[in-house]
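In: Sequence and predicted structure below; questions after.
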2 protein chains.
Amino acid sequence: MEHYDVIVIGGGPAGVTCAISAHNTYPDKKIAVIRKEQIALIPCGIPYTLVSLDSVDADILPDQLIQNTGADLIIDEVIGKDGKNLQLKSGRKLAYDKLVLATGSTPKVPSIAGIDKTGVFTVQKDRDYLVQMRKYAQEVQNIVIIGGGYIGLEMADEASRAGKNVTVIELLNHLLAMSMDTEFGEKAREVLETNGARVLTGQRVKSITGGRAVQGVALESGEEIPAEMVIVSVGGRPNVALAEKFGLDYNPKHGILVNEYMRTSDKDIFAVGDCAAKYDFFSGEFTDIRLASTAMAEGRLVGSDLFEIKVIRQYIGVLGSFSTKLGDTAFGVSGITEEKAKAMNLDYTVGTAVTVDRHPGKLRGASPLHLKLIFSRYSHTLLGAQMHGGDSVGELVNMFSVMILNKMTDMDIDTLQIGTHPLLTASPVAYPVINATVDAIKKWYQYEPV
Amino acid sequence: MEHYDVIVIGGGPAGVTCAISAHNTYPDKKIAVIRKEQIALIPCGIPYTLVSLDSVDADILPDQLIQNTGADLIIDEVIGKDGKNLQLKSGRKLAYDKLVLATGSTPKVPSIAGIDKTGVFTVQKDRDYLVQMRKYAQEVQNIVIIGGGYIGLEMADEASRAGKNVTVIELLNHLLAMSMDTEFGEKAREVLETNGARVLTGQRVKSITGGRAVQGVALESGEEIPAEMVIVSVGGRPNVALAEKFGLDYNPKHGILVNEYMRTSDKDIFAVGDCAAKYDFFSGEFTDIRLASTAMAEGRLVGSDLFEIKVIRQYIGVLGSFSTKLGDTAFGVSGITEEKAKAMNLDYTVGTAVTVDRHPGKLRGASPLHLKLIFSRYSHTLLGAQMHGGDSVGELVNMFSVMILNKMTDMDIDTLQIGTHPLLTASPVAYPVINATVDAIKKWYQYEPV
């Protein structure tokens, strides 16, 4: 039987990164990546295949990344396992020493009447499906997006950009409700509405109407919104079918159970990325934050630790670190929001700053930047950061992740040495990371209630 | 005699921030800021008063910042001190409890024959002087910049933008030689040359030629470059005259001697910003890195610690953290360069990554990003980062500062949780912070010599 030292099942970001990392750390090992799909995609680029990219194929994750490592890329599907031998759909059998499950997640399909009508789409990591979806979008005028999370809003922004009549329907009472506070959700609403979309929050969908094809979306409020196309984006579920077949421990909602080294209940099998259960950085409880960047951090860890634990893990939970861009406004968040802090009954202080991200503010490229920081009032540690502004938000978010992961306090940040430049950042006098921190310090120091 | 609890001498970034911080921490204290200049400027915006800003006045640091704190702004000059009483030029006398020197720095004027001719300018923090300089630049065609550091190159970029014939002359063998490695200096050369400037490195100026007014710059090589205007930007010197008058310890080249709380040899007198001596983060030796952002970190610290030490200082040296933009290319550096690592005889590893800062790379706003990291080979700590690319460099540099200040290792960064977004950052597969780190890990792991 064919034998590989390492077999990775799944060719998304987690799987590919794991193969690269395994090759870097164990260059002499024989590695295979088994992937079901003929073509793999960059997951976070998928919303942009609707309009901004010239074609869905511009979002392909190149096979070259795998081939560069010397790993074999096998397009096939694993259907079973006997001891340490995998059975593939093609009939082929492969033996492994170490196995990595990187089987990803699948969009949730809510049980709404009419969900199976022609013209209803979910956001799938499937090239041919997305080609269909892009074509469909080009031919219609009225698009309803069900779900006001990141992906839904990115899709809405894309559709508005293409001149469509867009309506976003969100069940919760503000947009981005799983990841950002109300005022940021309201800013997202403002951007979308300015660009012509209609935004409905706190509204439940009753049914999708029409004959074989979609004609509209009926709300419980009684309103019916005309639509030839509906895009449903209400989160994902981990793909645990193989884990179940293999007899591994898993939680059907949250994923394959893993320890901090991403090892499953079988010591030679690891799980990484969306299929592996995630734990919250602050509470240790299950979380449904599934990000390509987290997936890849896990992939790198496992790639290095396959045959022995080389990289000691420094953290046990997932620190949600997101960014997105709607219209010309970028949004970002790392760590805890105020709404989450309340839900967790944390004793916290909020610091805010508003500034312009160039200085003087009249220089080219300037945008306003709004920043909100959450600190532990008692222990002074930074817990979370939310912001909207110009493109610099993309890396600002990562700076905050580094700060939170390092348990930096308000005092650490107050005395931080940062660099600023007129054409690239806010003025040092107005630098929002510092000023929001100083605002938070003033509040606890002067015993100001939140 | 009039009495203030706190008097700050100097109204630049360090002084203003110190007054703000003092007011935040000690809201009941009576504070004055004494400033010589009628008008204060944002120092890092000064190069952009040449062309990009509509006027020099667009770069004014607003007095409102001081007035908002309730502090008195006194336009006058301190000329002497008797015990804890200051004598002002106007004849006024003011008593203080705590005194903060924030007297700044002055551009160096090299001893070149002809340096006093009409048309030769240094880069001064003086509104009227800069108005003259801007006007002069508008009327000439040939401009020579002496000095290939950040400010000189920003001035060169501005002058090129205005269609002038620009020549940059640098004594050392590459541009930005005090702060970045050769390949980054060469990238800066490429950008400037593409935009029409001429760049001469490793060249010494012999004299500035002409009658009363400049006609050219003669090099030791024998060449003479025609010029109606010469801008000299070869660094600055701390303003220590008052410290000398007050009998404080100082080093004439490096500034007023201070401890880690920025206290001078007189326990009731502090010094912050460019006038205070700076120590290198890695070596503890004097450094000539003088940045507005560092000045303000010092101002904040002293503002909080005036009457008792509240904020415990976490660092003893200055971590140089710069960024700039030439043409459409941003440059950034934090910490140690490879050239400095060699000079210090550090055992180091280099990791590099080149990527596109959007993903897929075909999305709007994409620029290539080049990153070079220096790690301690033996202790694995991140020592420095250099990069050039799009505007995201401005905040990337600050993320690296946070990493270096937290003594993060290659393993910490390898398992770091970061966020990425198609329209804002590189792809997670290509995220350069991680990939350059992985490159460095591969090198020490495989015992590859630098």
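Out: Yep, that arrived. Please read all numbers here as calculations on a predicted model, not as lab measurements.
In: just checking, A:T349 touches A:Y378?
Out: No: with contacts defined as C-beta atoms under 8 Å, A:T349 does not count as touching A:Y378, sitting 9.4 Å away. C-beta: built from backbone N, CA, C; applies to glycine.
In: Those two: who's more crowded?
Out: The neighbour count for A:T349 versus A:Y378, taken as other C-beta atoms under 10 Å in any protein chain shown, is higher for A:T349 (24 against 11).
In: Help me confirm that the more buried one is found in a strand?
Out: Yes: A:T349 sits within a strand when classified using DSSP: H, G, I helix; E, B strand; the rest coil.
In: Show the contacting residues for it.
Out: A:I374, A:F375, A:S376, A:R377, A:A440, A:K443, A:W444, A:V450 (C-beta atoms under 8 Å, 6 or more residues apart in numbering or on different chains).
In: Go again with 6 Å.
Out: A:F375, A:R377, A:A440, A:K443, A:W444 (C-beta atoms under 6 Å, 6 or more residues apart in numbering or on different chains).
In: do you know how far A:D28 is from B:L424?
Out: A:D28 is 38 Å from B:L424, where distance means C-beta to C-beta, to the nearest Å.
In: between these two, who's got more neighbours?
Out: Each of A:D28 and B:L424 has its neighbours counted (other C-beta under 10 Å); B:L424 has more, 27 against 6.
In: Surely the more buried one touches A:L326?
Out: No: proximity of B:L424 to A:L326 does not meet the contact threshold set by C-beta atoms under 6 Å, at 11.6 Å.
In: got any residues that touch both of the two?
Out: Overlap between the contact sets of B:L424 and A:L326, as judged by C-beta under 6 Å, 6+ apart, is nil.
In: And the residue positioned nearest the centre of chain A, what's its pLDDT?
Out: Taking C-alpha atoms, centre = their mean, the centroid of chain A lies closest to A:L291, which sits 3.3 Å from it. Each residue has a pLDDT score; the one for A:L291 is 90.
In: ok, now the one 5 residues further on?
Out: Predicted confidence (pLDDT) at A:M296: the value is 92.
In: can you give me the offset of stretch A:149-161 from its chain's centre?
Out: 14 Å (C-alpha atoms, centre = their mean, to the nearest Å).
In: separation between A:T437 and B:A440?
Out: 31 Å.
In: now do A:T415
Out: A:T415 is 28 Å from B:A440, where distance means C-beta to C-beta.
In: neighbour count winner among those two?
Out: B:A440 (26 against 20).
In: Please determine how far A:Y96 is located from A:I9.
Out: Distance of A:Y96 to A:I9, given as C-beta to C-beta: 10 Å.
In: A:T201 too?
Out: Distance from A:T201 to A:I9, by C-beta to C-beta: 39 Å.
In: Likewise for A:M180?
Out: A:M180 sits 34 Å away from A:I9 when distances are taken as C-beta to C-beta.
In: which one of the two has more residues nearby?
Out: Neighbours were counted for A:M180 and for A:I9 using other C-beta under 10 Å; A:M180 has more, 29 against 26.
In: Helix, strand or coil: sort out A:S52 for me.
Out: Under three-state DSSP, A:S52 falls in the coil class.
In: Distance from the helix or strand harbouring A:I145 to the middle of the chain?
Out: Element membership of A:I145, judged by DSSP states H and E, is strand A:142-146. Per C-alpha atoms, centre = their mean, the displacement of strand A:142-146 from the mean C-alpha position of its chain is 21 Å.
In: swap in stretch A:361-380?
Out: 22 Å.
In: what's the distance between the residue nearest to the centre of chain A and A:G147?
Out: 17 Å.
In: what do you get for A:Q446?
Out: For A:Q446, the distance to A:G147 equals 41 Å [C-beta to C-beta].
In: Tally up the residues packed near A:N251, please.
Out: A:N251: 12 surrounding residues under other C-beta under 10 Å.
In: Pairing partners for it in the sheet, please.
Out: Beta bridges link A:N251 to A:G255, judged by DSSP bridges.
In: interface residues of the stretch 301-450 of chain A facing chain B?
Out: Within the stretch 301-450 of chain A, the positions adjacent to chain B are A:301, A:311, A:319, A:321-325, A:330, A:360, A:362, A:391-392, A:394-399, A:401-403, A:406, A:411, A:414-415, A:417-425, A:428, A:442 by C-beta under 6 Å from any C-beta of the partner chain.
In: and these, which are buried?
Out: Among these, the ones that count as buried by 16 or more other C-beta atoms under 10 Å in any protein chain shown are A:301, A:311, A:319, A:321-325, A:330, A:360, A:362, A:391-392, A:394-399, A:401-403, A:406, A:411, A:414-415, A:417-425, A:428.
In: where along the stretch 201-350 of chain A do the strands fall?
Out: Taking DSSP state E, counting those that start in this stretch as the criterion, the stretch 201-350 of chain A carries its strands at A:205-210, A:214-219, A:224-226, A:229-232, A:236-238, A:250-251, A:255-256, A:269-271, A:278-279, A:286-287, A:321-326, A:329-335, A:348-356.
In: Could you say which of the ones you listed is packed most deeply?
Out: Each of the strands of the stretch 201-350 of chain A was scored by mean neighbour count; the highest is strand A:269-271, a mean of 29, by mean count of other C-beta atoms under 10 Å in any protein chain shown.
In: which outside residues touch that strand?
Out: Under the criterion C-beta under 6 Å, 6+ apart, residues A:L99, A:V100, A:L101, A:I256, A:V258, A:M262, A:R263, A:T264, A:V302 lie in contact with strand A:269-271.
In: Mind putting the residues you listed into JSON lines with distance to B:L383 and pLDDT?
Out: Output for these, formatted as JSON lines (distance: C-beta to C-beta, whole Å; pLDDT from 0 to 100):
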{"residue": "A:L99", "distance to B:L383": "38", "pLDDT": "98"}
{"residue": "A:V100", "distance to B:L383": "33", "pLDDT": "98"}
{"residue": "A:L101", "distance to B:L383": "37", "pLDDT": "98"}
{"residue": "A:I256", "distance to B:L383": "39", "pLDDT": "98"}
{"residue": "A:V258", "distance to B:L383": "34", "pLDDT": "95"}
{"residue": "A:M262", "distance to B:L383": "30", "pLDDT": "95"}
{"residue": "A:R263", "distance to B:L383": "33", "pLDDT": "96"}
{"residue": "A:T264", "distance to B:L383": "38", "pLDDT": "98"}
{"residue": "A:V302", "distance to B:L383": "28", "pLDDT": "96"}
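In: Let's see which of these end up in helices.
Out: Within the contacts of strand A:269-271, residues falling in helices by DSSP state H are A:V302.
In: can you map out the helices along the stretch 51-200 of chain A?
Out: All helices of the stretch 51-200 of chain A, identified by DSSP state H, counting those that start in this stretch, fall at A:64-67, A:127-139, A:150-161, A:182-194.
In: how many other residues sit next to A:L172?
Out: Residues near A:L172, counting by other C-beta under 10 Å, number 15.
In: next one: phi and psi at it?
Out: Phi and psi for A:L172, reported as degrees, to the nearest 10, are phi -80, psi 170.
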